[in-house]
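**Q** give the three-dimensional model of this entry:
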Amino acid sequence: MEVRILNAVKYIGGTVLTIGTIIFLFGFFESGYSTLTPIGIGTVVGAIFIFLMGVFLVATQEMLEKTHKGKRVVLMKNKKGAPL
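**A** Below is the predicted model:
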């Protein structure tokens, strides 16, 4: 399951990153419109945000699945029965 989510995030993030880079370069070098440059920058930042959130969600899901494999913590009590 995690691999499918990670692959989807990778392809979506890569596509949006490519589109944002093209918009940025077109606005910065070729076009006379200065409004395309910040749109391209915002698209690139959005692609990075999508990728980082996807990786965070996959890592969180992986950690939640492995929580049952730890050592069990037992509460110790003193002679009178109060916890230490």
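**Q** which secondary structure element contains Lys71?
**A** Using DSSP states H and E, Lys71 sits in no helix or strand.
**Q** can you list the low-confidence ranges for this structure?
**A** Residue ranges of the chain with pLDDT under 70: 68-70, 79, 81-84.
**Q** and the longest helix for it?
**A** When the chain is parsed with DSSP state H, its longest helix is helix 36-65.
**Q** and that one, how far out from the chain middle?
**A** Distance, stretch centre to chain centre, for helix 36-65: 4 Å (CA atoms, centre = their mean, to the nearest Å).
**Q** can you give me the buried ones in it?
**A** Leu36, Thr37, Gly40, Ile41, Thr43, Val44, Ala47, Ile50, Phe51, Gly54, Val58 (16 or more other CB atoms under 10 Å). For glycine as for every other residue, the C-beta is placed from the backbone atoms N, C-alpha and C.
**Q** let me have these in a markdown table, extended by distance to Lys66.
**A** Listed next are the buried residues of helix 36-65 as a markdown table, based on distance: CB to CB, whole Å:
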| residue | distance to Lys66 |
| --- | --- |
| Leu36 | 45 |
| Thr37 | 44 |
| Gly40 | 40 |
| Ile41 | 38 |
| Thr43 | 35 |
| Val44 | 34 |
| Ala47 | 29 |
| Ile50 | 25 |
| Phe51 | 23 |
| Gly54 | 19 |
| Val58 | 13 |
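**Q** and of those residues, the nearest to Arg72?
**A** Closest to Arg72 out of those is Val58 (27.0 Å), distances taken as CB to CB.
**Q** who are the packing partners of the longest helix of the chain?
**A** helix 2-25 (3 or more CB pairs under 8 Å, 6 or more residues apart in numbering; DSSP states H and E).
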